[in-house]
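Enquirer: quick one, structure for this:
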Amino acid sequence: MLSFGKLALLLLAVSLQEAAASLSSGCGKVSGTSSGTKSMTVNGKMRQYILQLPANYNATTGYKLIFGYHWRDGTMNNVAPGYYGLRDLARETAIFVAPQGLNNGWANNGGEDLTFTDQMLDYITSNACVDKDQIFSTGWSYGGAMTFELACSRPSMAAKHVFKAVAVIAGAQLSGCDGGTTPIPYLGIHGVVDSVLPISLGRGLRDRFLQLNGCASKNAPEPAGGSGTHIKSTPQGRRPEPVVGTWGNLELLHPAGFERAERQQQQQRINDIQDNYHNLFHHSDNNSRWW
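Expert: Numbers count the residues shown, from 1 in each chain. Prediction:
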């Protein structure tokens with residue numbers, strides 16, 4: 001019979017093995033990569049993205065990896081360096097990626113944007129130290145659509161386990177949904193009076209993961225248009241993965257996006273979004289969080 005001391009040592013050894021297994025092959029490569037604009041060829045096309053390492057980057061520390069996809073007619077430079085406010089929240093504890101879409105969008109024709117994401121992941125995890133259990137994606141509008149595609153095709157519980165959780169802001173199914181049969185922690189944020197991508201489209205995305213995550217109800221309260229408020233709903237399900245629906249009066253997010261919201265002194269709305277990011281990524285499971 002094992003003594004308590006031996007049992008504790010055994011559990012510690014297993015824990016250390018699991019922690020080591022989650023580290024990417026880029027760990028320990030002091031000169032593996034650096035911050036800046038990167039280029040690669042994907043299906044014969046030149047693609048670019050911005051990579052941002054923490055200021056205090058240590059090649060032996062496994063960092064969270066967060067993708068931020070831009071909106072239609074936006075660019076990677078619009079997302080970097082703020083990354084939807086997440087970089088400030090991370091406080092130099094995460095690696096950030098801002099990919100550039102073809103024609104400033106994410107049509108994902110033939111899965112080419114999914115292949116682009118896979119190649120970015122391969123490069124980054126091979127040349128930087130990433131905690132492979134802490135990879136996330138977010139995006140607004142078209143970027144939200146691409147993030148939804150990643151929720152469908154690359155959830156961490158699927159065969160190609162990649163993304164731990166996603167946050168879709170004012171999105172729709174515009175980039176496809178390859179798969180879409182596996183649970184994943186999901187945050188949906190949508191404006192009730194959005195005239196470009198109506199809230200019904202956001203509800204549809206949300207409801208898919210309500211079902212996959214075993215949540216009992218698709219009903220969620222919504223604020224009145226023009227009220228300047230938001231309501232957060234966290235449905236209870238049979239699985240540990242949360243689906244958080246924030247259905248707020250965020251109509252300024254279309255058509256002008258985050259930049260206009262900030263210029264028009266709507267910072268509180270951006271702060272509300274950041275709070276919901278934090279809550280989802282903090283509670284994505286009992287063992288891990290974004291920060």
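Enquirer: tally up the residues packed near residue 203, please.
Expert: Using other CB atoms under 10 Å, residue 203 has 18 other residues around it. Every residue, glycine included, has its C-beta placed from N, CA and C.
Enquirer: tell me which element it is part of?
Expert: Per DSSP states H and E: residue 203 is located in helix 199-212.
Enquirer: cool, and residue 137?
Expert: Residue 137 belongs to strand 130-140, assigned by DSSP H and E.
Enquirer: what's the per-residue pLDDT of the closest residue to residue 212 other than its chain neighbours here?
Expert: If the residues on either side of it in the chain are set aside, residue 212 comes closest to residue 183, at 4.8 Å by CB to CB, 6 or more residues apart in numbering. In this model, residue 183 is scored at 90, pLDDT.
Enquirer: what's the answer for the one 10 residues further on, then?
Expert: At residue 193, the model reports a pLDDT of 82.
Enquirer: ditto for residue 18
Expert: At residue 18, pLDDT is 42.
Enquirer: residue 255 now?
Expert: For residue 255, the pLDDT comes out at 48.
Enquirer: show me the shaky parts of the stretch 51-200 of the chain.
Expert: Scanning the stretch 51-200 of the chain for pLDDT under 70 picks out 157-161.
Enquirer: let's see 90
Expert: For the stretch 51-200 of the chain, applying pLDDT under 90 flags the ranges 81, 84-85, 88-90, 156-161, 185-196, 199.
Enquirer: show me where the stretch 51-200 of the chain has helices.
Expert: 76-79, 86-90, 112-127, 142-153, 199-212 (DSSP state H, counting those that start in this stretch).
Enquirer: pull the last one out as PDB, backbone CA atoms only.
Expert: Presented in PDB, the C-alpha positions along helix 199-212 are these (Å, rounded to 0.1, in the frame of the first residue of the first chain):
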ATOM      1  CA  ILE A 199     -28.800  39.300 -34.100                       C
ATOM      2  CA  SER A 200     -30.700  36.300 -35.500                       C
ATOM      3  CA  LEU A 201     -27.500  35.200 -37.200                       C
ATOM      4  CA  GLY A 202     -25.600  35.500 -33.900                       C
ATOM      5  CA  ARG A 203     -28.400  33.400 -32.100                       C
ATOM      6  CA  GLY A 204     -27.900  30.700 -34.700                       C
ATOM      7  CA  LEU A 205     -24.200  30.400 -34.000                       C
ATOM      8  CA  ARG A 206     -24.800  30.400 -30.200                       C
ATOM      9  CA  ASP A 207     -27.500  27.800 -30.500                       C
ATOM     10  CA  ARG A 208     -25.300  25.300 -32.200                       C
ATOM     11  CA  PHE A 209     -22.900  25.300 -29.300                       C
ATOM     12  CA  LEU A 210     -25.800  25.400 -26.800                       C
ATOM     13  CA  GLN A 211     -26.800  22.100 -28.200                       C
ATOM     14  CA  LEU A 212     -23.300  20.600 -28.400                       C
END
